[in-house]
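A.B. asks: from the sequence below, what's the structure:
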Amino acid sequence: MAYSLDPLQDGCYENSSVLINKFDIRDEKELGMMERNLTSYLMAQATIEIPFKKVDFEFYKYLHEYIFGEIYDWAGTIRRVNMSKMGTRFCPAEKIEERAKIIFDGLKAHNYLKDFIGEEFVNEFVDLYCALNYLHPFREGNGRIQRLFLLMLLRDMGKNIDFKNIDKDLLMIATIKSVSGDVFMLRNIFKEHIT
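C.D. replies: Residues are numbered from 1 along each chain as shown. Presented below is the predicted three-dimensional model:
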């Protein structure tokens, strides 16, 4: 589903909503299919090849560059436009660095959630999920990088999650509800799917 942008066509081919890409693909469906195929492979590779160390916002941006660098010149860089999706406004572009520092400093201060168990762990995980979703630092690929990062975080503590087993529509509804503070659905989803 497309984002609402300000300005609408930032980083797109003229008179189009297709992002300028290294393959010069100008058809949105074709770009989407190629992007999904390539990023799926690279995400699986990243979980094997990239160690979960020195985890901060630079690490998060590096994940984006690793996954999307073969497609977009701007991979791993912060968006310059404000974005929203389905009525949800994401972090203003000029506040991303400041907000990211708070998130990643907090994550480090909480020992990357390793000291939490049970309900407390689920609550902290949901808070992190919501914070990263609001941050939405990139022009494209935010959800995939968020899921990759959270998977790596969980695996680093001996846990796992398979986002493919989570109903996409249910997760989207839960994520939208969380913006207004209702995290009940998200808690239940993660409680059920984190192993």
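A.B. asks: number of nearby residues for residue 84?
C.D. replies: 13 (other CB atoms under 10 Å). Any C-beta I mention is one placed from the backbone N, CA and C, and that applies to glycine too.
A.B. asks: that one against residue 90, yeah?
C.D. replies: Yes: using CB atoms under 8 Å, residue 84 is in contact with residue 90, at 6.4 Å.
A.B. asks: so residue 101 is in which element?
C.D. replies: helix 96-109 (DSSP states H and E).
A.B. asks: list the buried residues in whichever helix or strand comes after that helix.
C.D. replies: For helix 96-109, the following helix or strand on the C-terminal side (DSSP H and E) is helix 118-135. Using 16 or more other CB atoms under 10 Å as the test for burial, helix 118-135 gives 121-122, 124-133, 135.
A.B. asks: re the thing from before, only alpha carbons, please: show the helix holding residue 101 as CSV.
C.D. replies: In CSV, the C-alpha atoms belonging to helix 96-109 read as follows (Å, rounded to 0.1, in the frame of the first residue of the first chain):
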residue,chain,number,x,y,z
ILE,A,96,14.2,11.1,12.9
GLU,A,97,17.8,11.3,14.2
GLU,A,98,16.8,12.6,17.6
ARG,A,99,14.0,10.0,18.0
ALA,A,100,16.3,7.2,16.8
LYS,A,101,18.9,8.1,19.5
ILE,A,102,16.3,7.9,22.2
ILE,A,103,15.1,4.5,20.9
PHE,A,104,18.5,2.9,20.6
ASP,A,105,20.0,4.4,23.7
GLY,A,106,17.0,3.1,25.6
LEU,A,107,17.4,-0.4,24.0
LYS,A,108,21.1,-0.4,25.1
ALA,A,109,20.2,0.8,28.6
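A.B. asks: run the angle between that helix and helix 118-135 for me.
C.D. replies: 160 degrees (axes from the mean of the first three to the mean of the last three CA atoms, to 10 degrees).
A.B. asks: touching the biggest helix by length in the chain from outside, list them.
C.D. replies: Longest helix in the chain by number of residues (criterion: DSSP state H): helix 28-49. Contacts of helix 28-49 from elsewhere in the structure, counted by CB atoms under 8 Å, 6 or more residues apart in numbering, are 16-19, 21, 23, 25, 63, 66-68, 70-71, 141, 144, 148, 151-152, 155.
A.B. asks: for those, which PyMOL command selects only the ones that are buried?
C.D. replies: Selection of buried members from those for PyMOL, criterion 16+ other CB under 10 Å:
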select buried, resi 18+19+21+25+63+66+67+68+71+141+144+148+151+152
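A.B. asks: okay, now the unreliable bits of the protein?
C.D. replies: 1-9 (pLDDT under 70).
A.B. asks: swap the cut-off to 50 and go again
C.D. replies: 1, 6-7 (pLDDT under 50).
A.B. asks: centroid residue for it?
C.D. replies: residue 146 (2.6 Å; CA atoms, centre = their mean).
A.B. asks: surely that one and residue 130 touch.
C.D. replies: No: if you go by CB under 8 Å, residue 146 and residue 130 don't touch, sitting 10.4 Å apart.
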